[in-house]
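Quick check, what structure comes out for this input:
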Amino acid sequence: MLKSLPTLEKNGARLELCSPKPGGKVGGLLESPIVKWHGYRPSLEAIRILQERCDVLWLPYLNPAGEHERLYRTHFPSKLCDYLQTGMAVWVTGPEIATGVRWWSGRSHYRGTSLRALLKKYQEKETARWEDAQHSIDLRNGFGLESKETKEFTQLFQ
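Just a heads-up that it's a prediction; the model follows:
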């Protein structure tokens, strides 16, 4: 994500983070003028903040995975399910070894698209955000997330 900051900044993007304070190298994110850190927030509050302030929910994996390779190969990110439940556009980027990236790549209409190309698409095509949001809703419904709890969760944001 740190390596993406210049591309994001050049394209007028900003990052909104709802998380515990990032540490280590990732902590450098907080020094960027395009990053707004909201601190840790419970899921519903974080989703509300992101829905109000963002066009896209981005799930970036470290690439290369480095010390996280085993985790990426064996763990499916619950955050991806949370993101799909919002009905917003979702991007998942990272190494192909990551289960979330593999799942997304097999279903996404922008498979293999670079962050730069995605940002350009959003700048050039007014309907891109809505098309990606509809795609996320279709994936959510196909993923079996339309449980009673999901419907109640989704209704909170309508």
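
Identify all contacting residues around whichever strand or helix holds residue 119.
Residue 119 is part of helix 115-124, with elements assigned from DSSP states H and E. Helix 115-124 is contacted from outside by 4, 7-8, 11-13, 55-56, 91, 93, 110, 113, 128-129, using Cβ atoms under 8 Å, 6 or more residues apart in numbering. All C-beta spots, glycine's among them, are computed from the backbone N, C-alpha and C.

Farthest-apart pair in those residues, please.
Largest separation among those by Cβ to Cβ: 12 and 110, giving 19.6 Å.

Show me which of those two is the more surrounded one.
Neighbours per residue (other Cβ atoms under 10 Å) separate residue 12 from residue 110, with residue 110 holding more: 16 against 10.

Can you dump the C-alpha atoms of the helix holding residue 119 in PDB for me?
Taking Å, rounded to 0.1, in the frame of the first residue of the first chain, the C-alpha atoms of helix 115-124 are listed here in PDB:
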ATOM      1  CA  LEU A 115      -4.400   0.000  -9.500                       C
ATOM      2  CA  ARG A 116      -3.400   2.700 -12.000                       C
ATOM      3  CA  ALA A 117      -5.800   1.300 -14.600                       C
ATOM      4  CA  LEU A 118      -8.600   1.100 -12.000                       C
ATOM      5  CA  LEU A 119      -8.100   4.700 -11.000                       C
ATOM      6  CA  LYS A 120      -8.000   5.800 -14.600                       C
ATOM      7  CA  LYS A 121     -11.300   3.900 -15.300                       C
ATOM      8  CA  TYR A 122     -13.000   5.800 -12.400                       C
ATOM      9  CA  GLN A 123     -11.800   9.100 -13.700                       C
ATOM     10  CA  GLU A 124     -12.800   8.500 -17.300                       C
END
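
Flag every buried residue along that helix.
115, 118, 119, 122 (16 or more other Cβ atoms under 10 Å).

just for the chain, where's the confidence low?
For the chain, the stretches flagged by pLDDT under 70 are 108-113, 143-158.

again, only using 90
Residue ranges of the chain with pLDDT under 90: 1-16, 18-19, 21-31, 34, 43-44, 46-48, 50-66, 75-97, 99-158.

For the residue positioned nearest the centre of it, give me its contacts.
The chain has residue 58 as the residue nearest its centroid, 1.9 Å off, counting by Cα atoms, centre = their mean. The contact partners of residue 58, by Cβ under 8 Å, 6+ apart, come to 15, 90, 91, 92, 93.
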